[in-house]
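Student: After the sequence you'll find the predicted model.
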Amino acid sequence: MATFLETAKKRFQRCQAWEANARLHYDYDVKFANGDAYNMYQWPDTISSDRRASDRPCLTTNVVKQHNFSIINDAMQNKPGIKYRAVGAGASKEGADIWDGIARQIEYTSSFQSILDVATKSQVEGGVGYWRVITEFENDKSFNQVIKFAPISDARAVYIDPDCQQLSCSDANFAFIFNDMLMEEFNRLYPGNEDACSGTTALGESYSWIKKDHVRVAEYFYVEEQKDTLVLIEDQETGQSVTLLKSQIGQGAFRLLKADAATMTRPVVTRQVKWALIAGNKKIEETDWAGKYIPIIKIVGEEIVIDGLLDRKGHTRAMLDAQRMLNYWNSASVEFGALQTKTPWVVAKEAVDGFEDEWALANQENMAYLLWNSKAEDGADIAKPERIAPPVQAMAYAQGAQQARAEMMMVSGQYENTMGQQGNERTGKAISERQRQGDRATYHFINNIGIGIRFSGEILKDLIPKIYDTKRVMQLLGEDGVETQVMLDPNAKQAWEKRKMVQEFSVEQIFNPNIGEYAVYADMGPGYATRREEAWNAFNAILTQSPQLVSVIGDLLLAAGDFPLSQEAAARLRRMVPPVALGEGPSQEVKEAQQQLEQAKGLVGQLTEENATLRIAAKGRDEANLVAGYKGETERLKALGEMTPIDPMALQMLVGQLVSEAMATALGKQTVAEAKRAMLPDTSQGTTAHAAAAGSMPGQMNPLMAMARQGQPSMVPQGPPRQVMQ
């Protein structure tokens, strides 16, 4: 079985062989992009040496650098950032905003824009750039750790698993970062390892591990895969499904959960990232990395494999030959002009006799006039001195230089208009369209930066719950640069909530990073300052056309302002905005429905009042008729009683019928409760007779009820049986 160092060495040699071609081109491209009159990186060594030896011009007109800076500075201005979006499992928009604030705070404390600028410059010039994520203690007196971004200034110091399938290398299984440390610093940090710096190259690295007073060390990240079981259970408190690993809950708890029929399990493979420091022939240190990703972020320009060879290209590569042509034509043009003498005077010797000193300085000083002898001694005329025609620039050189510039723009996709030179476009639309054409030609660089930003967000999403695993107050940085605070509580019952602090008269935000699923994406738009300026111009244009909207969106205009007290003015105006516009009051549809409801209530009240009046009048008439009917029936029963002895059962049936008929009248249409009370037996008199006084007036006893209480017999005539009311 291979030892730790043997395995690391084999992996490094694989990386070295895979990237040899790309690294060779990287070195040349980066040097060429930074060529100038001193380093002569844009001239082949043999040609520059020959031209200098013979005092021939060897000029460098570095246009490539400006083409590269057009992309680099555009990325600086747009300032891409990490953004999160809630996707489920208890996540919320407010929780996503908290994630954004934490990421911005980490970026701010890490000076991430400077780190990104270094990586972008390396990507555009040489084809690849890197940065990394680290953890460190919050301060010298704290046990809490914080997350930060860190730069990797030299892309050649990084080697990543050549079998990665993802462009961001998020699936890498190992990686190396080389670093040169001062010997004194190495001995201070890792005492007792002086023997490791003996000059041996444990990983077969081509450069010497010992460089003057430095020692080269290698950080080695590698992944160990472990088999585990994923358990799905239901949280009894929240009712949500929760996934846990068997290794997290223990064997005993796993057996109990598995016995439950509702528990679901499946085998999984987890990734444990390890970190080790190697110097010379020794493993100096080793520990576990908290996250599941190797924390190295790569951004490329172009990456391609041809005939089994890896090659990476930046923006420089396509312009190499055009830049060489431009340098050559410019140098040749200067050389051609320099080899020609200054325009001399052609004169006869006799013409300047006595004036030799003045004519000797004619090409050096601005003479007011030049004297010459127009007559010879014999009186013959002497021809006037004449100047030879001046040197003429060779058209081939000028045309060659112009052609080189045109080809440089053609291969880069960046024309004069894109580089800032005014073109034929006059309208804003035409200028924007020309600008977009240049952006499209180089957008793959910006897109690949976005891939790296998104992977950085994934690393943070994985690390934050593990590093910030204790209850603590955290600073959040808003998009507008305003800082707020949040209480990070890993034991909170939901992802985000607000709690009112009664004593302090404030609101506290509670955030649990362990709850919720959030998607990560890169915000590649312009910076906040640029967008605020655009918002100010847009709101100004809208309110100029529609001044009546000031009461609705005027606070947004002031919030986009960049003058003193603009935010305070916006806050005051916001308190005057109608609640409907803020989404805090009922919508227009709801208000219309409420108005219709109020109208209906008024109509119902009017109808109810009219109905009550009619019912009172009808009730008086019905009661009079009913009393008269009861009186007649009583008299009939009395007559029958005098004729025949009364059967109690028959009397009960008769009374029930009379009560049923009474209930069917308008007088009997009372509440069910009143009817039931009227039918209850009168226990005070010790009888089981039903109360038949449902329609009796207050203080008046129904004659039938009085008869039933007295137990008088009654004789019912023969005929069909009547239904007894229950």
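Tutor: Alright, I've got the coordinates.
Student: show me where pLDDT drops low in the stretch 501-650 of the chain?
Tutor: 501-507, 524-532, 562, 582-591, 619-650 (pLDDT under 70).
Student: Apply 80 and report the result again.
Tutor: For the stretch 501-650 of the chain, applying pLDDT under 80 flags the ranges 501-508, 523-537, 539-540, 543, 548-650.
Student: Going along the chain, name the helices of it.
Tutor: Taking DSSP state H, counting those that start in this stretch as the test, the helices found in the stretch 501-650 of the chain are 528-545, 550-559, 566-574, 588-643, 648-664.
Student: Spatially nearest residue to the residue nearest in space to the middle of the chain (excluding sequence neighbours)?
Tutor: In the chain, the C-alpha nearest the mean C-alpha coordinate belongs to Lys83, at 1.3 Å (CA atoms, centre = their mean). In space, and not counting its chain neighbours, Lys83 is closest to Asp523: 4.6 Å by CB to CB, 6 or more residues apart in numbering. No exception for glycine: its C-beta is placed from N, CA and C like everyone else's.
Student: Could you pull up the mean pLDDT of the top strand by length along the chain?
Tutor: Longest strand in the chain, counting residues (DSSP state E): strand 214-234. Averaged over strand 214-234, pLDDT sits at 88.
Student: Would you mind writing the CA trace of it as PDB?
Tutor: C-alpha atoms of strand 214-234 as PDB (Å, rounded to 0.1, in the frame of the first residue of the first chain):
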ATOM      1  CA  HIS A 214      13.100  30.700   1.500                       C
ATOM      2  CA  VAL A 215      11.600  27.200   1.800                       C
ATOM      3  CA  ARG A 216       8.900  26.000  -0.600                       C
ATOM      4  CA  VAL A 217       6.000  24.300   1.100                       C
ATOM      5  CA  ALA A 218       2.900  22.600  -0.400                       C
ATOM      6  CA  GLU A 219      -0.600  22.700   0.900                       C
ATOM      7  CA  TYR A 220      -2.200  19.400  -0.100                       C
ATOM      8  CA  PHE A 221      -6.000  19.100  -0.100                       C
ATOM      9  CA  TYR A 222      -7.500  15.600  -0.700                       C
ATOM     10  CA  VAL A 223     -10.900  14.000  -0.300                       C
ATOM     11  CA  GLU A 224     -11.700  10.800   1.600                       C
ATOM     12  CA  GLU A 225     -15.000   9.200   0.600                       C
ATOM     13  CA  GLN A 226     -16.900   7.400   3.400                       C
ATOM     14  CA  LYS A 227     -20.000   5.200   3.100                       C
ATOM     15  CA  ASP A 228     -22.900   6.300   5.100                       C
ATOM     16  CA  THR A 229     -26.700   6.000   5.300                       C
ATOM     17  CA  LEU A 230     -29.100   8.800   4.800                       C
ATOM     18  CA  VAL A 231     -32.200   8.800   7.100                       C
ATOM     19  CA  LEU A 232     -35.400  10.700   6.400                       C
ATOM     20  CA  ILE A 233     -37.600  11.400   9.400                       C
ATOM     21  CA  GLU A 234     -40.400  13.800  10.300                       C
END
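Student: after it, next one along is what?
Tutor: Per DSSP states H and E, strand 214-234 leads on to strand 241-245 as the next helix or strand towards the C-terminus.
Student: Run the chain-centre distance for that following strand.
Tutor: 26 Å (CA atoms, centre = their mean, to the nearest Å).
Student: Tell me what angle that strand forms with strand 214-234.
Tutor: 130 degrees (axes from the mean of the first three to the mean of the last three CA atoms, to 10 degrees).
Student: buried residues in the helix or strand just after strand 241-245?
Tutor: Remark: after strand 241-245, the chain's next helix or strand is helix 246-249, criterion DSSP H and E. Buried positions in helix 246-249, judged by neighbour count with 16 or more other CB atoms under 10 Å: Lys246.
Student: who's in contact with helix 246-249?
Tutor: Contacts to helix 246-249, defined as CB atoms under 8 Å, 6 or more residues apart in numbering, come from residues 226, 228-231, 254, 257, 265, 270.
Student: Please apply the same query to stretch 444-452.
Tutor: 71, 74-75, 78, 80, 116, 119-120, 123-124, 131, 167-168, 297-302, 315, 439, 522, 524.
Student: Just to be sure, which of those residues are found in helices?
Tutor: 71, 74-75, 78, 116, 119-120, 123-124, 439 (DSSP state H).
Student: quick check, nearest of these to Leu476?
Tutor: Leu116 (20.7 Å; CB to CB).
Student: returning to that earlier point: what's around the residue nearest to Lys83, how many residues?
Tutor: As a burial measure, Asp523 scores 16 neighbours (other CB atoms under 10 Å).
Student: re earlier: buried subset of the contacts of stretch 444-452 as a ChimeraX selection?
Tutor: The following ChimeraX line selects those of the contacts of stretch 444-452 that are buried, judged by 16+ other CB under 10 Å:
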select :71,74,75,78,80,116,119,120,123,124,131,168,297,298,299,300,301,302,315,439,522,524
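Student: Leaving out sequence neighbours, find the closest residue to Lys313.
Tutor: Glu302 (4.3 Å).
Student: got the contact list for the one you found?
Tutor: Taking CB under 8 Å, 6+ apart, one finds 127, 312-314, 444 in contact with Glu302.
Student: Quick one, grab the pLDDT at it.
Tutor: 92.
Student: and it, how far is that from Gln509?
Tutor: For Glu302, the distance to Gln509 (CB to CB, to the nearest Å) stands at 44 Å.
Student: now do Ile47
Tutor: Ile47 sits 66 Å away from Gln509, going by CB to CB.
Student: More neighbours: the two, which one.
Tutor: Gln509 (19 against 14).
Student: ok, that one - contacts?
Tutor: 94, 98, 484-487, 496-498.
Student: Tell me which of the residues you listed fall in strands.
Tutor: Using DSSP E, the contacts of Gln509 in strands are 484-487, 496-498.
Student: Show me which of those has the smallest pLDDT value.
Tutor: Lys498 (78).
Student: if I read this right, it contacts Ile510, doesn't it?
Tutor: Yes: Lys498 lies in contact with Ile510 (CB atoms under 8 Å); the separation is 7.5 Å.
Student: Look at those two and report which has more neighbours.
Tutor: Ile510 (18 against 9).
Student: And that one, how far from Gln475?
Tutor: 15 Å.
Student: Please report the distance of Ile152 from Asp462.
Tutor: 20 Å.
Student: Who has more neighbours out of these two?
Tutor: Comparing Ile152 with Asp462 by other CB under 10 Å, the one with more neighbours is Ile152, at 21 against 16.
Student: which residue packs closest to the more buried one, ignoring adjacent ones?
Tutor: Tyr130 (4.1 Å).
Student: Identify the residues contacting stretch 58-65?
Tutor: For stretch 58-65, using CB under 8 Å, 6+ apart, the contacting residues are 32-37, 40, 42-43, 47-48, 51-52, 316, 319, 323, 326-327, 330-331, 334, 405, 408.
Student: buried subset of the residues you listed?
Tutor: 32-35, 40, 42-43, 51, 316, 319, 323, 326-327, 330-331, 405, 408.
Student: Quick check: helices, which of these are part of them?
Tutor: Per DSSP H, the buried ones among the contacts of stretch 58-65 map to helices at 32-33, 51, 323, 326-327, 330-331, 405, 408.
Student: As a markdown table, these with distance to Ala569 and pLDDT would be great.
Tutor: Output for these, formatted as a markdown table (distance: CB to CB, whole Å; pLDDT from 0 to 100):
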| residue | distance to Ala569 | pLDDT |
| --- | --- | --- |
| Phe32 | 54 | 95 |
| Ala33 | 49 | 95 |
| Arg51 | 67 | 88 |
| Gln323 | 53 | 93 |
| Leu326 | 55 | 92 |
| Asn327 | 57 | 92 |
| Asn330 | 57 | 90 |
| Ser331 | 62 | 90 |
| Arg405 | 52 | 82 |
| Met408 | 51 | 82 |
